[in-house]
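Engineer: Dropping the sequence and predicted coords here.
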Amino acid sequence: MLGLGAKDTRLFLIVIGLTLFAPFLLNPFPADSSLAQFNAGYPDLMQRFVIFGIFAIGFNILFGLTGYLSFGHAAFLGVGSYAGVWMMKLLTMNVVPAILMSVIFAGLFSLLVGWISLRRSGIYFSILTLAFAQMSFALAYSVLTPITNGETGLQLALDDPRVLGVSRTEAGSIPLTHFFGLEMRDGFDWTIGGWVFTFNVGYYLSALVMVAAFYVSIRIFRSPFGMMLKAVKSNQQRMLYTGLNPRPYTLAAFVISGMYAGLAGGLMVAMDPLAGAERMQWTASGEVVLMTILGGAGTLIGPVLGAGLIKYFENIFSKINSNVLHQWFGFLPDGLEDALVFVVYPFVGKGWHLTLGIVFMLVVIFLPGGLVEGGQRIGRLFRRGRSSSSKHERTAATPSSHAAE
Amino acid sequence: MDAIILQVLNGLDKGSAYALIALGLTLIFGTLGVVNFAHGALFMLGAFCAVTLNVILRASFTTIDETRTDFLGNPLKVETPYVEYWFGPEVGGSIIEWSVPLAILFAIPVMALVGIAMERGLVKHFYKRPHADQILVTFGLAIVLQEIIKAFYGANPIPTPAPDAFSGSFDFGALVGFDAGSIIYPYWRLVYFGFAAAVIAGVFAFLQFTTFGMVVRAGMADRETVGLLGIDIDRRFTFMFALAAIVAGLAGVMYAPINAPNYHMGMDFLVLSFVVVVVGGMGSLPGAVLAGFLLGILESFASMAAVVTLLPGINQVIIYLVAIVILLTRPRGLMGRKGVME
């Protein structure tokens, strides 16, 4: 389908299915049950899942294919966000021009950064991208305040020109972001029994964009261009000897992944028209690295899974406080209950970063292919169980055939 | 002229911290070939060694003094630290007051243990893996370490005072013949600089003048040949990792009075220290020290009012700008050896 192999088509359809039915899948618990706090199916979080999914997919095109570890990708997301908000301030509240502008600006900026940084490889490349990102962050906070509004963050205002729209609605408030009239905030709740499912316009727009982004990334992975990028990762020297210059390919990958980051930034402001400098800080870049590695760098679906997992941890796992724990372990004798809560507490709630760090280290140490590799290994374990038993039958069969000869 | 001297002095303390951390990073990279993103966390652990010792020394018991009353009219509760109870108020009080310098003695074994555990337990398994993996796993470790500290000490900075003898400032200008009051400089920062210089000198002397150091230097130059000569170079390199951890830890201990330690101070320093290492030249110890001081001083010059009005924002980005220029024009850094990760 659409020029994809059978296996990729299956994967693509799974991703479409997952994003389409996310409001159901992420809301497995009835709204009034005690487990309702683990429901992740509210619009804000679902949007974040897919937006960071896009960010991670883009990062994976650079890191997963070429092996260049950038520690400054958040800068492109930040630049994209600022460009998007400016578009909304100056032109219209329609999100399409804003998102386009985000992608273009992030692309241009990544072209500049990439052109300089890619002169070096390995650790030097990481440091260079880090330096550029920290520079943009510092400048956005200080000198560029007229453009970025410094610490407050860039926001919409009532006196923005908005040439193709209105500066303020008739009610006197700031107009909402929309996609040709469909407001991002719109949606409807569907109540079935105790369950409430929310369908949100903004989520479905982002999901659509993510599916498209995912499709493009599959095509890149399978294209001759993708093969070149893998060649850059495995052996640049050999590539040079065969008469191919790795630089343009790597730069193209860098710019593409920068544009993905810009796309994510644009969508972010389309959902919530606000852009702050902290989005560009190097810890934000570190986060997308965590997502990609956790899910599985170099795999197609891995980064999306990693992004979902981390955002789920950040928003849901972090809500578990000691009361919830006491409730969970309430069936145990008091002393044991307190002891368990004491042991578990540092790892959940506000301490979720600790769990994340430990899981991340374990993944890097034991599963360089991330969660995807983990899944594959488990799958192989089951299959091996079957195939080894059939092998036994074959080996059992051979001696007898020898004997017959 | 006095303004220039003031900026040089201001740059010295930050430069000392950069130089110490970069020195440790380079020791690890030069010996083991590992890029250690957790080095900032080691610096932070050092600072929290000072905090911990301070907390321990202040541990006290409460007695009720019947002869005095507090403002509510109840008998006054007097808190006596155990140290003062054991050694008498004079000696005990000064022990508490000098907790930061004392923490040096406390931090050395702690950091050595942390360093050895880290090398044997984790980093050892990453020698043969790509640099990207090393960066990632140590980055993960840094997150874990700082979250552990956060779980124990909370997210707020914890003020840790220097001894009273060094807590004030002095008039450096008057000392060298300028107008009185033109250069006021805190004592502790001078102590920090002196301390850093001593540690750096100690590390260099150790490498230069001892047999152990000679073997380590030989190992840095050609690990395989040293191994072929029948020397267990791995054990010595583990020791060097511990030494690097100690250096980072000591930098942290003494930095505690300058900036109240919080759990993410390591990350803030880490980024800059890496830039310092790259500018100095990956694998070059003198380069790391030189670049540390140079960038520290450069940063303080860039934050002079005259410079900032001329080039707004330059104080925020000068270090990164220098790093970019150096990497592009002289990729092996100021004093890097030829062929090391070019």
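Structural biologist: Good, I have the coordinates. Numbers count the residues shown, from 1 in each chain, chains lettered A, B, ... in the order given.
Engineer: What residues does A:N321 make contact with?
Structural biologist: Residues in contact with A:N321 (C-beta atoms under 8 Å, 6 or more residues apart in numbering or on different chains) are A:G349. C-beta coordinates here come from the backbone N, C-alpha and C atoms, glycine included.
Engineer: Up against chain B, what does chain A have?
Structural biologist: Contacts of chain A with chain B, taken as C-beta under 8 Å from any C-beta of the partner chain, map to A:67, A:69, A:116, A:119-120, A:122-124, A:126-128, A:130-132, A:134-135, A:138-139, A:141-144, A:282-283, A:286, A:289, A:293, A:346, A:351, A:353-354, A:356-358, A:360-361, A:364-365, A:368.
Engineer: what about 6 Å?
Structural biologist: Counting by C-beta under 6 Å from any C-beta of the partner chain, chain A comes close to chain B at A:69, A:120, A:122-124, A:127, A:131, A:134-135, A:138-139, A:142-143, A:293, A:346, A:351, A:353-354, A:357-358, A:360-361, A:364.
Engineer: Each with direction, which strands does the longest strand seen in chain B pair with?
Structural biologist: Taking DSSP state E as the criterion, chain B has its longest strand at strand B:60-69. Each strand that pairs with strand B:60-69, with its direction, by DSSP bridges: strand B:75-81 (antiparallel).
Engineer: Which residues does the longest strand of chain B contact?
Structural biologist: B:P75, B:L76, B:K77, B:V78, B:E79, B:T80, B:P81 (C-beta atoms under 6 Å, 6 or more residues apart in numbering or on different chains).
Engineer: Now, of those residues, which are buried?
Structural biologist: B:P81 (16 or more other C-beta atoms under 10 Å in any protein chain shown).
Engineer: Put together JSON lines for the contacts of strand B:60-69, with pLDDT and distance to A:L100 on each row.
Structural biologist: Converted to JSON lines, these look like this (pLDDT from 0 to 100; distance: C-beta to C-beta, whole Å):
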{"residue": "B:P75", "pLDDT": "75", "distance to A:L100": "75"}
{"residue": "B:L76", "pLDDT": "76", "distance to A:L100": "72"}
{"residue": "B:K77", "pLDDT": "76", "distance to A:L100": "69"}
{"residue": "B:V78", "pLDDT": "77", "distance to A:L100": "71"}
{"residue": "B:E79", "pLDDT": "78", "distance to A:L100": "66"}
{"residue": "B:T80", "pLDDT": "79", "distance to A:L100": "70"}
{"residue": "B:P81", "pLDDT": "82", "distance to A:L100": "66"}
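Engineer: still on that earlier bit, report the mean confidence score over the longest strand of chain B.
Structural biologist: For strand B:60-69, mean pLDDT rounds to 77.
Engineer: gap between that strand and the chain center?
Structural biologist: 41 Å (C-alpha atoms, centre = their mean, to the nearest Å).
Engineer: go on, stretch B:138-155?
Structural biologist: Centroid displacement of stretch B:138-155 relative to its chain, using C-alpha atoms, centre = their mean, is 17 Å.
Engineer: what's the pLDDT at residue 248?
Structural biologist: No chain specified, so I'll use chain A. 93.
Engineer: could you do chain B instead?
Structural biologist: According to the prediction, B:A248 has pLDDT 93.
Engineer: Dump the C-alpha coordinates for the helix or strand harbouring it into PDB.
Structural biologist: Using DSSP states H and E, B:A248 maps to helix B:233-255. This file holds the C-alpha atoms of helix B:233-255, laid out as PDB (Å, rounded to 0.1, in the frame of the first residue of the first chain):
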ATOM      1  CA  ILE B 233      47.100  -1.100  33.400                       C
ATOM      2  CA  ASP B 234      43.300  -1.600  34.100                       C
ATOM      3  CA  ARG B 235      43.800  -1.500  37.800                       C
ATOM      4  CA  ARG B 236      45.800   1.700  37.500                       C
ATOM      5  CA  PHE B 237      43.100   3.200  35.300                       C
ATOM      6  CA  THR B 238      40.400   2.400  37.800                       C
ATOM      7  CA  PHE B 239      42.500   4.300  40.300                       C
ATOM      8  CA  MET B 240      42.700   7.200  37.900                       C
ATOM      9  CA  PHE B 241      38.900   7.200  37.600                       C
ATOM     10  CA  ALA B 242      38.700   7.400  41.400                       C
ATOM     11  CA  LEU B 243      41.200  10.200  41.400                       C
ATOM     12  CA  ALA B 244      39.100  12.100  38.800                       C
ATOM     13  CA  ALA B 245      36.000  11.600  40.900                       C
ATOM     14  CA  ILE B 246      37.900  12.900  43.900                       C
ATOM     15  CA  VAL B 247      39.000  16.000  42.000                       C
ATOM     16  CA  ALA B 248      35.500  16.700  40.900                       C
ATOM     17  CA  GLY B 249      34.200  16.100  44.400                       C
ATOM     18  CA  LEU B 250      36.700  18.400  46.000                       C
ATOM     19  CA  ALA B 251      35.800  21.100  43.500                       C
ATOM     20  CA  GLY B 252      32.200  20.700  44.600                       C
ATOM     21  CA  VAL B 253      33.000  20.700  48.400                       C
ATOM     22  CA  MET B 254      34.800  24.000  48.200                       C
ATOM     23  CA  TYR B 255      32.200  25.500  45.800                       C
END
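Engineer: and for it, what are the contacting residues?
Structural biologist: Taking C-beta under 6 Å, 6+ apart as the rule, helix B:233-255 contacts B:17, B:20-21, B:23-24, B:27-28, B:31-32, B:39, B:42-43, B:46-47, B:49-50, B:103-104, B:107-108, B:111-112, B:114-116, B:119, B:192, B:195, B:199, B:216, B:219, B:223, B:226-227.
Engineer: Do I have it right that A:G67 meets A:V232?
Structural biologist: No. At 7.1 Å, A:G67 does not count as touching A:V232 under the criterion of C-beta atoms under 6 Å.
Engineer: Could I get the average pLDDT for stretch A:217-237?
Structural biologist: 92.
Engineer: again, but for stretch B:228-240
Structural biologist: Across stretch B:228-240, pLDDT averages out at 88.
Engineer: Flag every buried residue along it.
Structural biologist: Those would be B:I233, B:R236, B:F237, B:T238, B:F239, B:M240, for stretch B:228-240 by 16+ other C-beta under 10 Å.
Engineer: swap in stretch A:117-132?
Structural biologist: A:117-118, A:120-132.
Engineer: do the same with stretch A:5-20
Structural biologist: The neighbour-count check on stretch A:5-20 (16+ other C-beta under 10 Å) flags A:D8, A:L11, A:F12, A:V15, A:L18, A:T19 as buried.
Engineer: Can you get me a residue count around A:G375?
Structural biologist: Counted with other C-beta atoms under 10 Å in any protein chain shown, residues neighbouring A:G375 total 17.
Engineer: Quick check: phi and psi on it?
Structural biologist: A:G375 adopts backbone torsions of phi -60, psi -40, taken as degrees, to the nearest 10.
Engineer: Please list all residues in contact with it.
Structural biologist: With contacts taken as C-beta under 6 Å, 6+ apart, A:G375 has no neighbouring residues.
Engineer: circling back: between the buried residues of stretch A:5-20, which is nearest B:V307?
Structural biologist: Proximity to B:V307 was ranked across those by C-beta to C-beta; first place goes to A:T19, at 51.5 Å.
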